[in-house]
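**Q** What would the 3D arrangement of this be:
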Amino acid sequence: MSGTIKIAPSILAADFSRLADEISKVETAGADYIHVDVMDGHFVPNITVGPPVLRSLRGVTHLPLDVHLMISDPLRYVDAFAEAGASILTVHIEAIPHIHRVLEHIRALGVRAGVSLCPATPAGALSEILEDVDLVLVMTVDPGFGGQKLIEHTLRKVRRVRNMLDKAGSAAELEVDGGVDEETAEWVTAAGATVLVAGTAIFQAPHGVAAAISTLRQAAERGRGSRKGTGR
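**A** Down below sits the predicted model:
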């Protein structure tokens, strides 16, 4: 695990009536990615955005667009999201019987391929596809809604995935999404996460997005520094 911790503000918690301004603020404040949650009302109960919105976002930021497909049939849509400007396309292992085919197709489109695990999915589900991924996203809440509290026992899975990636010599990023705030940012980076998705903690922070990103980054670096110990 090398390099700095990355912060990926999730627009799920942003003000959609002024989305370009919201993204500009976090970009100026030093965000590393823009995290875009795509929900279809089937794999998860909520419905959010599609390729046209992503294309609009691509026009207002130079940051990588980290697109999390919480949808039932991702292979049907990855071409459209890649064309719309996705930099990373992450699909759920629970939604796909032939996930290698989807990951291979995403990479063939010139987009980084990610795979996500819901809280109840064991880390071992990744064992046969570690060579096929550029990013692993561990959900620390059940997907579908923002503003949830981190499920603490998922930290054990973050540590397991970190160990799996290290043993495999994989350069894939380890991303965590769900309940990330000033306190939990330290926990998840101590467990081995390298990319933190945060929505409410950034876009709804009382002191503004710049202060929120700075605070998260400081907490994350403290956690990173403690990783040589026992962590949480």
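
**Q** Name the residues of the helix or strand of the chain with the lowest mean pLDDT that are buried.
**A** When the helices and strands of the chain are scored by mean pLDDT, DSSP states H and E, helix 209-226 comes last with a mean of 94. Buried residues in helix 209-226, defined by neighbour count with 16 or more other Cβ atoms under 10 Å: 209-210, 212-213, 215-217, 219-220, 223-224. (Each C-beta comes from the backbone N, C-alpha and C, glycine too.)

**Q** and that helix, what other elements does it pack with?
**A** Counting contacts by 3 or more Cβ pairs under 8 Å, 6 or more residues apart in numbering; DSSP states H and E, helix 209-226 packs against strand 6-9, helix 19-28, helix 182-190, strand 195-198, helix 200-203.

**Q** which other helices and strands contact the third one?
**A** Put plainly, it is helix 182-190. helix 154-168, strand 195-198, helix 209-226.

**Q** Turn these into TSV, including distance to Gly41.
**A** TSV is the format used below for the helices and strands packed on helix 182-190 (distance: least, Cβ to Cβ, whole Å):
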stretch	distance to Gly41
helix 154-168	24
strand 195-198	21
helix 209-226	29
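
**Q** Nearest to Asn46, out of those?
**A** strand 195-198 (15.9 Å; Cβ to Cβ).

**Q** Let me know the average pLDDT across the closest one.
**A** What strand 195-198 shows for mean pLDDT is 98.

**Q** got it, and stretch 13-24?
**A** 96.

**Q** so how far is that stretch off the chain centroid?
**A** Centroid separation for stretch 13-24 versus its chain: 18 Å, with Cα atoms, centre = their mean, to the nearest Å.

**Q** and if you look at stretch 214-221?
**A** With Cα atoms, centre = their mean, you get 17 Å for stretch 214-221.

**Q** Let me see the residues that make contact with that stretch.
**A** 4-5, 7, 29-30, 180-183, 185-186, 188-189, 196, 198, 201-202 (Cβ atoms under 8 Å, 6 or more residues apart in numbering).

**Q** who's in contact with His105?
**A** Applying Cβ under 8 Å, 6+ apart, the residues near His105 are 75, 78.

**Q** Name the secondary structure element that contains it.
**A** Using DSSP states H and E, His105 sits in helix 99-108.

**Q** Could you write out the alpha-carbon coordinates of that helix in PDB?
**A** What follows is helix 99-108, C-alpha atoms only, in PDB (Å, rounded to 0.1, in the frame of the first residue of the first chain):
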ATOM      1  CA  ILE A  99     -18.100 -11.400 -13.700                       C
ATOM      2  CA  HIS A 100     -14.800 -12.000 -15.500                       C
ATOM      3  CA  ARG A 101     -16.600 -11.400 -18.800                       C
ATOM      4  CA  VAL A 102     -17.900  -8.000 -17.500                       C
ATOM      5  CA  LEU A 103     -14.500  -6.900 -16.000                       C
ATOM      6  CA  GLU A 104     -12.700  -7.900 -19.200                       C
ATOM      7  CA  HIS A 105     -15.200  -5.900 -21.300                       C
ATOM      8  CA  ILE A 106     -14.800  -2.800 -19.100                       C
ATOM      9  CA  ARG A 107     -11.100  -2.900 -19.500                       C
ATOM     10  CA  ALA A 108     -11.400  -3.400 -23.300                       C
END
